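Trainee: How does the following fold in three dimensions:
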Amino acid sequence: MLAVHGLEVVYDDVVLVLRGVSLEVPTGAIVALLGANGAGKTTLLRAITGLLDVHRGRITKGEVLLDGDRIHGRDAPAIVRRGVAQVMEGRRVFAEMTVDENLRAGGFTRNRMQNREAYDRVMDLFPKLAERRDSTAGYLSGGEQQMVAMGRAMMASPKLLLLDEPSLGLAPRIVEQIRDIIVTLNEQGTTVLLVEQNANMALSIATHGTVLETGKVVKEGPAADLLGDEDIQEFYLGISGGDGAQRRSFRDVKSYRRRKRWGA
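Mentor: Residues are numbered from 1 along each chain as shown. Just a heads-up that it's a prediction; the model follows:
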């Protein structure tokens, strides 16, 4: 469904953030995109959804394809109409609007009948929002705001949903709920690109994973293989060999293990 080929992105015509990134998201899949802060994950999502201009960024090389058609260079509303929706990091709800108003704002590209169907679906997915529909979104808990943000994106009935750190700052119990909702959305036919630092959660539900570091893809493969990878376990899951050595990056972990194997 989504294919990114050799993508380079520059901010302010100076800072090169993505350095030849390639990524594929098959129809019906959940693909996890992992990486530390500053790796370029959010920049990649902005490039896909047409939001780079807002942040003084631009694509200097490469392409973004949706169902084989080029979408890079199109504006964000056109990309939403093509079936792509993004839930941004930090939730970004309209704080002074009610839950109901937030949700209906997400359906601006759809007609009245489509919005009614999407609204009923969102209420089935998020029963808590049905209880809070008249509440001001800014006064909700973090978990409830995340549900509003995801529900608002689903009002556009996207075929591809981009989630940017949906578990950030949430209690473990709420993270489990969000994880289950992502799985349900996928089972109902929505393809998902999931950006997460919670590698355990992301890889446990994904079919495929990609690791970004300093704007480059440094590892990719089936999610189950990445979850069992020693480098992933040490750098992202905190499972180490007990030597106490401190490495600053995913590449440091790989380099350290390579030296250790050869007795260096």
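Trainee: For the chain, which segments are assigned as helices?
Mentor: Under the criterion DSSP state H, the chain carries helices at the ranges 41-49, 76-81, 99-105, 112-125, 127-132, 142-154, 172-187, 199-205, 223-227, 230-237, 250-261.
Trainee: what would these look like in CSV with mean pLDDT, mean neighbour count and distance to Leu23?
Mentor: (C-beta placed from N, C-alpha, C; glycine too.) CSV is the format used below for those (pLDDT from 0 to 100; neighbours: other C-beta atoms under 10 Å; distance: least, C-beta to C-beta, whole Å):
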stretch, mean pLDDT, mean neighbour count, distance to Leu23
helix 41-49, 95, 23, 7
helix 76-81, 91, 16, 16
helix 99-105, 93, 19, 29
helix 112-125, 90, 15, 27
helix 127-132, 90, 15, 31
helix 142-154, 93, 24, 20
helix 172-187, 92, 15, 18
helix 199-205, 92, 20, 15
helix 223-227, 92, 18, 14
helix 230-237, 78, 20, 17
helix 250-261, 49, 15, 17
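Trainee: hang on, isn't Arg121 packed against Met150?
Mentor: No: if you go by C-beta atoms under 8 Å, Arg121 and Met150 don't touch, sitting 11.9 Å apart.
Trainee: and this protein, what are its domains?
Mentor: Domain ranges of the chain: 1-83+159-169+188-227, 92-157, 231-264, per automatic domain parsing.
Trainee: Quick check: which of those is nearest to Ile181?
Mentor: Closest approach to Ile181 among these is made by domain 92-157 (6.1 Å; C-beta to C-beta).
Trainee: okay, how far is it across the closest one, tip to tip?
Mentor: 19 Å (C-alpha to C-alpha, to the nearest Å).
Trainee: can you count the residues close to Pro222?
Mentor: 13 (other C-beta atoms under 10 Å).
Trainee: Check Val9 too.
Mentor: Other residues within reach of Val9, judged by other C-beta under 10 Å, total 24.
Trainee: Also the one 4 residues further on?
Mentor: When neighbours are counted by other C-beta under 10 Å, Asp13 registers 9.
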